[in-house]
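> coords below, sequence missing:
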Ligand SMILES: NC(=O)c1ccc[n+]([C@@H]2O[C@H](COP(=O)([O-])OP(=O)(O)OC[C@H]3O[C@@H](n4cnc5c(N)ncnc54)[C@H](O)[C@@H]3O)[C@@H](O)[C@H]2O)c1
């Protein structure tokens, strides 16, 4: 592979799943794809929605970067095999995998819905493993690689179970990250996770029924010591660090990007919100 010039990911071949562009703010995956391309990576956007993936590809190309858009469902083994094979052929290998796809469904714990449970677990957890398993041979032949898994603050702190299977899927994703880190460290493959906090993003807007109202947004700001709202770019900058050589000695960790929300004791959090 030739070097595309200066940049923290120059010459690297990267897959970002779920990096399709959506309306109503910058999604995490799209921010990662744009930033990585800006840092010299060739970026493959794998999304079940090809139209959205093409939007991100176009934006990268308009900014002088290199990208391909691939339609694929990360919970389907055949799609993951085909997507990784296409990336390896187009870019000459795979160096970095960002497992960003994540879905959630509203539902109470007692209203067990087997189909919804399996769907969320299959996409959020199995999807990350399938994408990794098919990227692995390419990372091996490159002499190493990096995986960044996008989890959630609900992997560490409960949201009361209101998002069906979401917390369990993300907590298990942290365990999977550690397993990959330990098993493949000797092969030069690193695996780390990011735990985004209460971000303002299209996914959150959609869960709120179209747009998060200002009062809710203010409450979300108040639960973090920094008192500000995060967005996709905050996660993208952390992902860039973990994917790059700057993190060559870091593997198996979970990095919260949450304004400090996950280090506040419950009593203090109440005081912070109520003033
Ligand atoms: N937004 C937040 O506040 C927040 C907080 C914590 C964690 N996260 C996590 O960050 C990640 C990205 O969140 P976001 O808000 O940018 O998401 P988003 O909903 O804006 O985008 C998700 C993308 O994934 C694609 N997708 C969904 N299912 C797919 C599948 N089976 N195969 C391939 N593509 C699929 C969608 O088409 C979409 O383009 C998720 O893993 C989410 O759980 C988000």
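Yep, that arrived. Keep in mind that this is a model prediction, so the values were computed, not measured.
> so where's the protein shaky on pLDDT?
Scanning the chain for pLDDT under 70 picks out the ranges 1-5, 23-25, 210.
> Just give me the longest strand of it.
strand 189-196 (DSSP state E).
> Quick check: what element follows that one along the chain?
Next along the chain after strand 189-196, taking DSSP states H and E as the criterion, comes helix 202-207.
> in the helix or strand following that next one, what's buried?
Along the chain past helix 202-207, the next helix or strand (assigned with DSSP H and E) turns out to be helix 214-222. If you call a residue buried by 16 or more other C-beta atoms under 10 Å, then helix 214-222 has these buried ones: 217, 220, 221, 222. Where C-beta positions appear, they are placed from N, C-alpha and C, glycine not excepted.
> cool, and stretch 260-275?
In stretch 260-275, counting by 16+ other C-beta under 10 Å, buried: 261, 262, 264, 269, 272.
> That stretch and the ligand, are they touching?
No. Shown here: stretch 260-275 not in contact with the ligand (C-beta under 6 Å from any ligand atom), separated by at least 10.9 Å.
> and of the buried residues of helix 214-222, the nearest to the ligand?
residue 220 (9.1 Å; C-beta to the nearest ligand atom).
> What residues does the chain have near the ligand?
17-18, 20, 22, 27-29, 47-49, 52, 73-75, 100-103, 123, 127, 150, 152-153, 196, 199, 201-204.
> So which of these belong to strands?
Short answer: these in strands (DSSP E) are 17, 47, 150, 196.
> Out of these, which is nearest to residue 41?
Checking these against residue 41 with C-beta to C-beta, the nearest one is residue 17 at 14.7 Å.
> So that closest one sits against residue 27, correct?
No. Using C-beta atoms under 8 Å, residue 17 makes no contact with residue 27, being 11.7 Å away.
> And the residue of the protein closest to the ligand?
For the chain, C-beta to the nearest ligand atom, closest residue to the ligand: residue 102, 2.0 Å.
> Please give me every residue in contact with the nearest residue to that residue once chain neighbours are set aside.
Distances taken as C-beta to C-beta, 6 or more residues apart in numbering place residue 124 nearest to residue 102, at 5.3 Å, with adjacent residues excluded. Neighbour list for residue 124: 101, 102, 103, 165, 166, 169, 170, 173 [criterion: C-beta atoms under 8 Å, 6 or more residues apart in numbering].
> of all the residues you listed, which two lie farthest apart?
It's 101 and 165 that sit farthest apart of the contacts of residue 124, by C-beta to C-beta, at 14.5 Å.
> nearest residue to residue 162 other than its sequence neighbours?
Spatially, and ignoring its direct neighbours in sequence, residue 162 is nearest to residue 106 (6.5 Å; C-beta to C-beta, 6+ apart).
> Quick one: neighbours of the one you found, just the number.
Residue 106 has 11 neighbouring residues, counting by other C-beta atoms under 10 Å.
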